[in-house]
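Engineer: need a 3D model of the sequence below.
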Amino acid sequence: MKLGLVGCGRMGRALVIGAIEAGNLSANDVVAYDIETSAVEKLANEHGVSGAASLRELVTTCDTILLCTKPGDVGEVLREIATFGTDPNRILLISVAAGVTISSIENFIFNHARVIRAMPNTPALVGKGAAAFTPGSNATQEDVQFVSSLFASVGKVVEVPEKLMDAVTGLSGSGPGFVYIMIEALADGGVASGLTREKAPELATQTVLGAATMVAETGLHPALLKDMVCSPGGTTIAGIAALEEHGFRHAAIQAVEAATKRSIALGQSKD
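Structural biologist: You can find the predicted model right below:
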(Lines give C-alpha, C1' and ligand atoms only; values in the text may rest on other atoms or scores of the structure.)
Protein backbone atom coordinates (compact mmCIF):
# COMPACT_ATOMS: atom_id res chain seq x y z
CA MET A 1 0.00 0.00 0.00
CA LYS A 2 1.30 3.42 -0.99
CA LEU A 3 -0.14 6.43 0.81
CA GLY A 4 -0.04 9.71 -1.05
CA LEU A 5 -0.16 12.85 1.08
CA VAL A 6 -1.51 15.87 -0.77
CA GLY A 7 -0.81 18.96 1.31
CA CYS A 8 2.11 19.04 3.74
CA GLY A 9 0.77 21.62 6.16
CA ARG A 10 0.26 21.16 9.89
CA MET A 11 -2.48 18.56 9.67
CA GLY A 12 -0.90 16.48 6.94
CA ARG A 13 2.45 16.50 8.71
CA ALA A 14 0.87 15.66 12.06
CA LEU A 15 -0.96 12.63 10.69
CA VAL A 16 1.90 11.20 8.66
CA ILE A 17 4.63 11.84 11.22
CA GLY A 18 2.45 10.54 14.04
CA ALA A 19 1.58 7.35 12.13
CA ILE A 20 5.22 6.76 11.15
CA GLU A 21 6.47 7.26 14.70
CA ALA A 22 3.72 4.95 15.99
CA GLY A 23 4.91 2.27 13.57
CA ASN A 24 1.63 2.15 11.69
CA LEU A 25 3.12 3.52 8.49
CA SER A 26 6.51 3.00 6.91
CA ALA A 27 8.18 6.13 5.57
CA ASN A 28 9.04 4.10 2.48
CA ASP A 29 5.32 3.74 1.74
CA VAL A 30 4.53 7.48 1.90
CA VAL A 31 4.72 9.83 -1.07
CA ALA A 32 4.13 13.54 -0.46
CA TYR A 33 3.13 16.37 -2.75
CA ASP A 34 2.60 20.08 -2.13
CA ILE A 35 2.76 23.11 -4.40
CA GLU A 36 5.24 24.44 -1.83
CA THR A 37 8.17 22.18 -2.65
CA SER A 38 10.04 23.27 0.47
CA ALA A 39 7.32 21.65 2.62
CA VAL A 40 7.81 18.34 0.80
CA GLU A 41 11.58 18.58 1.11
CA LYS A 42 11.35 19.25 4.84
CA LEU A 43 9.12 16.22 5.40
CA ALA A 44 11.36 14.05 3.23
CA ASN A 45 14.58 15.16 4.88
CA GLU A 46 13.30 14.85 8.44
CA HIS A 47 11.19 11.70 8.16
CA GLY A 48 12.36 9.80 5.08
CA VAL A 49 9.21 9.93 2.95
CA SER A 50 9.40 10.27 -0.83
CA GLY A 51 8.39 13.38 -2.71
CA ALA A 52 6.36 13.55 -5.90
CA ALA A 53 7.22 16.14 -8.54
CA SER A 54 3.57 16.46 -9.57
CA LEU A 55 0.09 15.52 -8.50
CA ARG A 56 -0.12 13.18 -11.49
CA GLU A 57 3.00 11.32 -10.32
CA LEU A 58 1.51 10.89 -6.84
CA VAL A 59 -1.84 9.62 -8.12
CA THR A 60 -0.09 7.20 -10.50
CA THR A 61 2.12 5.89 -7.70
CA CYS A 62 -0.34 5.59 -4.81
CA ASP A 63 -3.52 3.64 -4.15
CA THR A 64 -4.55 5.71 -1.12
CA ILE A 65 -4.65 9.50 -1.11
CA LEU A 66 -4.78 11.54 2.09
CA LEU A 67 -6.13 14.91 1.02
CA CYS A 68 -4.97 17.55 3.50
CA THR A 69 -5.42 20.71 1.47
CA LYS A 70 -7.38 23.75 2.60
CA PRO A 71 -11.14 23.43 1.96
CA GLY A 72 -10.97 26.12 -0.71
CA ASP A 73 -8.39 24.13 -2.68
CA VAL A 74 -10.21 20.79 -2.68
CA GLY A 75 -12.18 21.39 -5.86
CA GLU A 76 -9.14 22.42 -7.87
CA VAL A 77 -7.15 19.37 -6.74
CA LEU A 78 -9.97 16.93 -7.42
CA ARG A 79 -10.73 18.43 -10.83
CA GLU A 80 -7.09 17.92 -11.75
CA ILE A 81 -7.15 14.32 -10.51
CA ALA A 82 -10.27 13.69 -12.59
CA THR A 83 -8.37 14.67 -15.76
CA PHE A 84 -5.81 11.90 -15.25
CA GLY A 85 -8.25 9.21 -16.36
CA THR A 86 -7.54 7.17 -13.24
CA ASP A 87 -10.12 4.54 -12.32
CA PRO A 88 -11.62 6.01 -9.12
CA ASN A 89 -12.28 2.49 -7.84
CA ARG A 90 -8.52 1.96 -7.68
CA ILE A 91 -7.95 4.77 -5.19
CA LEU A 92 -9.20 5.33 -1.67
CA LEU A 93 -9.53 9.07 -1.09
CA ILE A 94 -9.42 10.24 2.53
CA SER A 95 -10.36 13.90 2.92
CA VAL A 96 -9.77 15.91 6.08
CA ALA A 97 -11.01 19.19 4.58
CA ALA A 98 -13.37 20.93 6.99
CA GLY A 99 -16.94 21.13 5.78
CA VAL A 100 -16.40 19.40 2.43
CA THR A 101 -19.04 16.70 2.05
CA ILE A 102 -18.65 13.20 0.65
CA SER A 103 -21.15 13.93 -2.12
CA SER A 104 -19.25 17.00 -3.29
CA ILE A 105 -16.01 15.01 -3.41
CA GLU A 106 -17.69 12.21 -5.34
CA ASN A 107 -19.12 14.73 -7.80
CA PHE A 108 -15.64 15.99 -8.57
CA ILE A 109 -14.12 12.55 -9.24
CA PHE A 110 -17.17 10.50 -10.30
CA ASN A 111 -19.95 9.18 -8.10
CA HIS A 112 -18.53 5.66 -7.70
CA ALA A 113 -15.32 6.86 -6.03
CA ARG A 114 -14.20 5.33 -2.73
CA VAL A 115 -14.28 8.23 -0.29
CA ILE A 116 -13.91 8.57 3.45
CA ARG A 117 -14.39 11.94 5.11
CA ALA A 118 -12.42 12.44 8.31
CA MET A 119 -11.73 15.16 10.84
CA PRO A 120 -8.59 14.66 12.96
CA ASN A 121 -6.79 17.28 15.00
CA THR A 122 -3.17 18.34 15.36
CA PRO A 123 -2.41 16.59 18.69
CA ALA A 124 -2.06 13.53 16.43
CA LEU A 125 1.54 14.71 16.15
CA VAL A 126 2.14 13.63 19.77
CA GLY A 127 -0.09 10.55 19.65
CA LYS A 128 -2.98 12.28 21.45
CA GLY A 129 -5.23 13.11 18.53
CA ALA A 130 -9.01 12.92 18.40
CA ALA A 131 -10.56 11.97 15.07
CA ALA A 132 -13.89 11.00 13.60
CA PHE A 133 -14.68 9.65 10.15
CA THR A 134 -17.58 8.80 7.88
CA PRO A 135 -17.25 6.31 5.02
CA GLY A 136 -18.89 7.01 1.68
CA SER A 137 -21.28 4.45 0.22
CA ASN A 138 -18.57 2.99 -2.03
CA ALA A 139 -15.92 2.61 0.68
CA THR A 140 -15.18 -1.02 1.51
CA GLN A 141 -14.88 -2.62 4.90
CA GLU A 142 -11.13 -2.84 4.29
CA ASP A 143 -11.07 0.91 3.64
CA VAL A 144 -12.86 1.54 6.94
CA GLN A 145 -10.46 -0.73 8.81
CA PHE A 146 -7.44 1.02 7.30
CA VAL A 147 -8.67 4.51 8.15
CA SER A 148 -9.66 3.45 11.65
CA SER A 149 -6.22 1.93 12.18
CA LEU A 150 -4.46 4.98 10.71
CA PHE A 151 -6.13 7.43 13.07
CA ALA A 152 -6.08 5.06 16.05
CA SER A 153 -2.29 4.97 15.76
CA VAL A 154 -2.19 8.67 16.64
CA GLY A 155 -4.99 8.91 19.20
CA LYS A 156 -8.70 8.21 19.62
CA VAL A 157 -10.98 7.58 16.64
CA VAL A 158 -14.74 7.17 16.27
CA GLU A 159 -17.06 6.57 13.33
CA VAL A 160 -20.02 8.95 13.11
CA PRO A 161 -22.83 9.73 10.63
CA GLU A 162 -21.84 12.47 8.21
CA LYS A 163 -24.48 14.83 9.62
CA LEU A 164 -22.36 15.03 12.79
CA MET A 165 -19.02 15.76 11.08
CA ASP A 166 -19.46 19.54 11.33
CA ALA A 167 -20.04 19.20 15.09
CA VAL A 168 -16.88 17.07 15.29
CA THR A 169 -15.03 19.83 13.45
CA GLY A 170 -16.33 22.42 15.90
CA LEU A 171 -15.46 20.38 18.98
CA SER A 172 -12.34 18.26 18.49
CA GLY A 173 -11.11 19.73 15.21
CA SER A 174 -11.06 23.31 16.50
CA GLY A 175 -10.96 22.47 20.21
CA PRO A 176 -7.16 22.42 20.62
CA GLY A 177 -7.10 26.12 19.75
CA PHE A 178 -9.63 26.83 22.49
CA VAL A 179 -7.62 24.81 25.02
CA TYR A 180 -4.40 26.64 24.12
CA ILE A 181 -6.11 29.93 24.93
CA MET A 182 -7.28 28.49 28.25
CA ILE A 183 -3.75 27.36 29.13
CA GLU A 184 -2.38 30.77 28.20
CA ALA A 185 -5.07 32.50 30.28
CA LEU A 186 -4.43 30.27 33.31
CA ALA A 187 -0.72 31.01 33.04
CA ASP A 188 -1.42 34.74 32.83
CA GLY A 189 -3.56 34.40 35.94
CA GLY A 190 -0.63 32.75 37.68
CA VAL A 191 1.68 35.58 36.64
CA ALA A 192 -0.88 38.13 37.85
CA SER A 193 -0.87 36.32 41.19
CA GLY A 194 2.92 36.43 41.50
CA LEU A 195 4.30 33.37 39.67
CA THR A 196 7.15 33.83 37.23
CA ARG A 197 6.56 33.82 33.48
CA GLU A 198 8.70 30.65 33.29
CA LYS A 199 6.88 28.65 35.97
CA ALA A 200 3.28 29.68 35.31
CA PRO A 201 2.92 28.09 31.82
CA GLU A 202 4.57 24.90 33.06
CA LEU A 203 2.10 24.60 35.92
CA ALA A 204 -0.89 25.56 33.75
CA THR A 205 0.01 22.99 31.09
CA GLN A 206 0.46 20.16 33.58
CA THR A 207 -2.75 21.10 35.33
CA VAL A 208 -4.78 20.82 32.11
CA LEU A 209 -2.99 17.61 31.13
CA GLY A 210 -3.60 16.08 34.55
CA ALA A 211 -7.26 17.07 34.64
CA ALA A 212 -7.88 15.66 31.14
CA THR A 213 -6.12 12.43 32.12
CA MET A 214 -8.33 12.16 35.20
CA VAL A 215 -11.46 12.38 33.06
CA ALA A 216 -10.10 9.89 30.50
CA GLU A 217 -8.81 7.30 32.96
CA THR A 218 -11.46 7.40 35.69
CA GLY A 219 -14.45 7.53 33.36
CA LEU A 220 -16.15 9.88 35.80
CA HIS A 221 -18.25 12.80 34.59
CA PRO A 222 -16.30 16.09 34.62
CA ALA A 223 -18.97 17.62 36.85
CA LEU A 224 -18.38 14.95 39.49
CA LEU A 225 -14.63 15.42 39.36
CA LYS A 226 -15.16 19.16 39.66
CA ASP A 227 -17.32 18.68 42.76
CA MET A 228 -14.64 16.44 44.30
CA VAL A 229 -12.14 19.33 44.36
CA CYS A 230 -14.58 22.00 45.55
CA SER A 231 -14.22 22.14 49.32
CA PRO A 232 -16.91 24.16 51.13
CA GLY A 233 -15.78 27.76 51.30
CA GLY A 234 -12.52 26.81 49.55
CA THR A 235 -10.37 28.26 46.79
CA THR A 236 -11.66 26.16 43.89
CA ILE A 237 -15.32 27.01 44.38
CA ALA A 238 -14.37 30.67 44.63
CA GLY A 239 -12.58 30.40 41.30
CA ILE A 240 -15.47 28.51 39.67
CA ALA A 241 -17.87 31.19 40.85
CA ALA A 242 -15.68 33.73 39.07
CA LEU A 243 -15.73 31.61 35.88
CA GLU A 244 -19.51 31.44 35.99
CA GLU A 245 -19.81 35.16 36.68
CA HIS A 246 -17.76 35.95 33.58
CA GLY A 247 -19.50 33.45 31.30
CA PHE A 248 -16.71 30.89 30.83
CA ARG A 249 -19.08 27.97 30.27
CA HIS A 250 -21.24 29.95 27.84
CA ALA A 251 -18.16 31.18 25.95
CA ALA A 252 -16.89 27.59 25.51
CA ILE A 253 -20.27 26.42 24.20
CA GLN A 254 -20.47 29.37 21.84
CA ALA A 255 -16.94 28.70 20.54
CA VAL A 256 -17.83 25.14 19.53
CA GLU A 257 -21.12 26.23 17.98
CA ALA A 258 -19.43 29.03 16.02
CA ALA A 259 -16.79 26.65 14.68
CA THR A 260 -19.51 24.15 13.75
CA LYS A 261 -21.46 26.80 11.84
CA ARG A 262 -18.29 27.83 10.01
CA SER A 263 -17.69 24.21 8.98
CA ILE A 264 -21.24 24.03 7.61
CA ALA A 265 -20.70 27.26 5.67
CA LEU A 266 -17.47 25.95 4.18
CA GLY A 267 -19.28 22.85 2.98
CA GLN A 268 -22.16 24.79 1.46
CA SER A 269 -19.74 26.90 -0.56
CA LYS A 270 -18.26 23.73 -2.11
CA ASP A 271 -21.46 21.81 -2.91
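
Engineer: now do the helices in the stretch 1-150 of the chain.
Structural biologist: Assigned by DSSP state H, counting those that start in this stretch, the stretch 1-150 of the chain shows helices spanning 10-21, 37-47, 55-61, 74-82, 102-109, 141-152.

Engineer: quick check: Gly189 vs His250, distance?
Structural biologist: 19 Å (CB to CB, to the nearest Å). No exception for glycine: its C-beta is placed from N, CA and C like everyone else's.

Engineer: of those two, who's got more company?
Structural biologist: Between Gly189 and His250, counting by other CB atoms under 10 Å, Gly189 is the more crowded of the two (13 against 10).

Engineer: which element is the more buried one on?
Structural biologist: helix 175-192 (DSSP states H and E).

Engineer: quick one: buried residues of that helix?
Structural biologist: 175, 183, 186-187, 190-191 (16 or more other CB atoms under 10 Å).

Engineer: now these as JSON lines including distance to Gly12?
Structural biologist: Shown next, in JSON lines, are the buried residues of helix 175-192 (distance: CB to CB, whole Å):
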{"residue": "Gly175", "distance to Gly12": "19"}
{"residue": "Ile183", "distance to Gly12": "25"}
{"residue": "Leu186", "distance to Gly12": "31"}
{"residue": "Ala187", "distance to Gly12": "30"}
{"residue": "Gly190", "distance to Gly12": "35"}
{"residue": "Val191", "distance to Gly12": "35"}
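
Engineer: Serialize those to CSV and add fields for pLDDT and distance to Lys70.
Structural biologist: Listed next are the buried residues of helix 175-192 as CSV, based on pLDDT from 0 to 100; distance: CB to CB, whole Å:
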residue, pLDDT, distance to Lys70
Gly175, 97, 19
Ile183, 98, 26
Leu186, 98, 31
Ala187, 98, 31
Gly190, 98, 36
Val191, 98, 36
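
Engineer: now, the most widely separated pair of the residues you listed?
Structural biologist: Gly175 and Val191 (24.7 Å; CB to CB).

Engineer: so how far is Ser148 from the closest residue in space to Ala39 that isn't next to it in sequence?
Structural biologist: Beyond its immediate neighbours in the sequence, the residue positioned closest to Ala39 (CB to CB, 6 or more residues apart in numbering) is Cys8, lying 3.9 Å away. Distance, Cys8 to Ser148, using CB to CB: 24 Å.

Engineer: neighbour count for the two, which is higher?
Structural biologist: With neighbours defined as other CB under 10 Å, Cys8 and Ser148 compare such that Cys8 has more, 26 against 18.

Engineer: got the contact list for the more buried one?
Structural biologist: Counting by CB atoms under 8 Å, 6 or more residues apart in numbering, Cys8 makes contact with 32-34, 36, 39-40, 42-43, 68.

Engineer: greatest separation within those: which pair is it?
Structural biologist: Top of the distance list for those (CB to CB): Lys42 and Cys68, 14.8 Å.

Engineer: more crowded one of these two?
Structural biologist: Cys68 (24 against 15).

Engineer: helices or strands up against the top helix by length along the chain?
Structural biologist: In the chain, taking DSSP state H as the definition, the longest helix is helix 248-270. Counting contacts by 3 or more CB pairs under 8 Å, 6 or more residues apart in numbering; DSSP states H and E, helix 248-270 is packed against helix 165-168, helix 175-192.

Engineer: how about 7 Å then?
Structural biologist: The helices and strands touching helix 248-270, judged by 3 or more CB pairs under 7 Å, 6 or more residues apart in numbering; DSSP states H and E, are helix 165-168.

Engineer: for Ala97, see how far away Leu266 is.
Structural biologist: 8 Å.

Engineer: anything in contact with each of those two?
Structural biologist: Pro71 (CB atoms under 7 Å, 6 or more residues apart in numbering).
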